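**Q** Take this sequence and fold it.
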Amino acid sequence: MSHVDSSTDAILAQLIELRATLDTQQAAIEALQAENAHLRAALDAEPATLADISPAPPEAAAEAAVAAESAGVHESQPHAGLTSRRGLLRGAAAATAAATVGAVALGGAQPAHAAPLANGDYLILGQSNSETLGTTLSNTTPATAAVFTVSTTNTDYHYPAILGISQNGASGVAGVDNTSSGVGVYGHSLDLSGVGVKGETLASGTGVWGEVESSPGAGTGVAGGGIDGVGVLGYAASGWGVAGESNIGYDFVANGTGILGINVRGSVGAPTSGYFVIGDCIRDANGELWLCTAGDGTSVGTWVKVAHLAPGATSGGAITYLSKPIRLLDTRSGATAAHTPGSPYLANTTHTISVAGLNFQGVQVPATCAGAIGNLTVLGLTGQGNWVTLTPAGAGFSGTSNINFVGGQLDSNFYNVGLTGGSLDVIMG
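**A** The predicted structure is shown next:
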């Protein structure tokens, strides 16, 4: 036999031995995979404790042990290169066994026992998860409890039961109601000082957004309830804390006690700095209400104080001066005035003069005015003595006159009189 033939036979023997080793290792791996599949099936069927999981059939375990034992090759065997490869195969088998044991260990982060996420991953509790396709959880029968409930005992509002974070214009938490009387997002606080639903934006977005596509009063965009706490709280660093918008109904309704609270500012009077638009309102440190009547958001704007009744008064309020005075009545012949009877008023007569809504010499008297302020002048008087008084229409003489006079006098006096139905009475004594 030649040296070449001897070498060829040796190589062939090594190849046959290597093929047998590979077949044995493959059998060991398949046995371990069968064991792993059995344990996973047991976990999926009854996710209780590890003690509840039955071991693999003794035959499978025995086969795995025999296969692993058969695969072993002593390091003292010849052909160092083949020995290294066998060691690698033994390492692969050991890694598979370790993975099998790890699959049933319950001490670390575990997949939630539910369907996987849409991207094929499981939801792992206690760590961050990534979802690329979106996951929907629906109840197909009438629910007797909430479909999904998360409870927390954290006292820091930055770590609520559910936290929605918005990026790139998306919604942190969005609730959609596809029925005619449901609620998109519902928040319920069990603490006396808790918050049912809280929305916060640190840029120029929207803290809480509620939208209803129905007729007025038929739906609720955002509903919050509390005992002594806050039903809905919106906070914005540079935007609107809470905004309500309706196409055909009220933007905002105080639908309970009707009490609307406005926090007071630290200064008295209208704002002297800042940027405001027409329609803004504030309360100063004295509790006075101020309205912005002109402003485009580039300056402090123009403000007026809302008038209110004096203590004990039952009517009255704001005084709005006309752009210029007008002559309301002149009884002289050929005179120019809003009312010109053309002859003097006689004693013991009453004359009703309309005031509200007059438009005279380019001056418009508001149709809603409740009183009149002016001067009353008498002249060309005859007789021994008389008096004149102005009263709301139909009120009658109360015993107090505006002017007392005697014949031949020219006299005048200031008057401030209320109106009834927009009119006043001139009573001649």
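
**Q** how deep is Gly407 tucked in, by neighbour count?
**A** Neighbour count for Gly407, taken as other CB atoms under 10 Å: 11. Every C-beta, even on glycine, is put in place using the N, C-alpha and C of the backbone.

**Q** same thing with Asp296?
**A** Asp296: 10 surrounding residues under other CB under 10 Å.

**Q** And Leu358, by the same measure?
**A** Residues near Leu358, counting by other CB under 10 Å, number 19.

**Q** And the residue lying closest to it once chain neighbours are set aside, how far from Pro344?
**A** Spatial nearest neighbour of Leu358, excluding adjacent residues (CB to CB, 6 or more residues apart in numbering): Val365 at 4.3 Å. According to CB to CB, to the nearest Å, Val365 and Pro344 sit 25 Å apart.

**Q** the more surrounded of those two?
**A** Between Val365 and Pro344, counted using other CB under 10 Å, Val365 has the larger neighbour count: 20 against 14.

**Q** Phi and psi next, for Val304.
**A** phi -130, psi 150 (degrees, to the nearest 10).

**Q** That one and Ala294 touch, don't they?
**A** No. With contact defined as CB atoms under 8 Å, Val304 does not reach Ala294; the gap is 9.7 Å.

**Q** can I assume Ala347 sits in a helix?
**A** No. Going by DSSP: H, G, I helix; E, B strand; the rest coil, the assignment for Ala347 is coil, not a helix.

**Q** Tell me, how many residues neighbour it?
**A** Neighbour count of Ala347, defined by other CB under 10 Å: 11.

**Q** Residues in contact with stretch 409-424: which ones?
**A** Here stretch 409-424 makes contact (CB atoms under 8 Å, 6 or more residues apart in numbering) with 315, 352-357, 367, 369-379, 381, 390-395, 402-403, 405.

**Q** Mind doing that once more with 7 Å?
**A** Here stretch 409-424 makes contact (CB atoms under 7 Å, 6 or more residues apart in numbering) with 352-357, 369-379, 381, 390-395, 402-403, 405.

**Q** Return the subset of the residues you listed lying in strands.
**A** Using DSSP state E, the members of the contacts of stretch 409-424 that fall within strands are 352-354, 371-378, 390-392, 403, 405.

**Q** Now which of those residues would you call buried?
**A** Using 16 or more other CB atoms under 10 Å as the burial test, the ones in strands among the contacts of stretch 409-424 include 353-354, 371-372, 374, 376, 378, 390-392, 403, 405 as buried.

**Q** picking that back up, wait, which of the ones in strands among the contacts of stretch 409-424 is closest to Ile427?
**A** Taking CB to CB as the measure, Ile427 lies nearest Thr391 of the ones in strands among the contacts of stretch 409-424, at 6.4 Å.

**Q** The residue lying closest to the closest one once chain neighbours are set aside and Arg327, how far apart?
**A** In space, and not counting its chain neighbours, Thr391 is closest to Asp425: 5.1 Å by CB to CB, 6+ apart. Between Asp425 and Arg327 the computed distance is 18 Å (CB to CB).

**Q** And those two? Which one has more around it.
**A** Shown here are Asp425 and Arg327; by other CB under 10 Å, Asp425 has more neighbours (19 against 15).

**Q** Secondary structure class of that one, three-state.
**A** In three-state terms, and counting by three-state DSSP, Asp425 is strand.

**Q** Check the average confidence over the host helix or strand of Ala13, would you?
**A** Per DSSP states H and E, Ala13 falls inside helix 3-45. Taken as a whole, helix 3-45 has an average pLDDT of 77.
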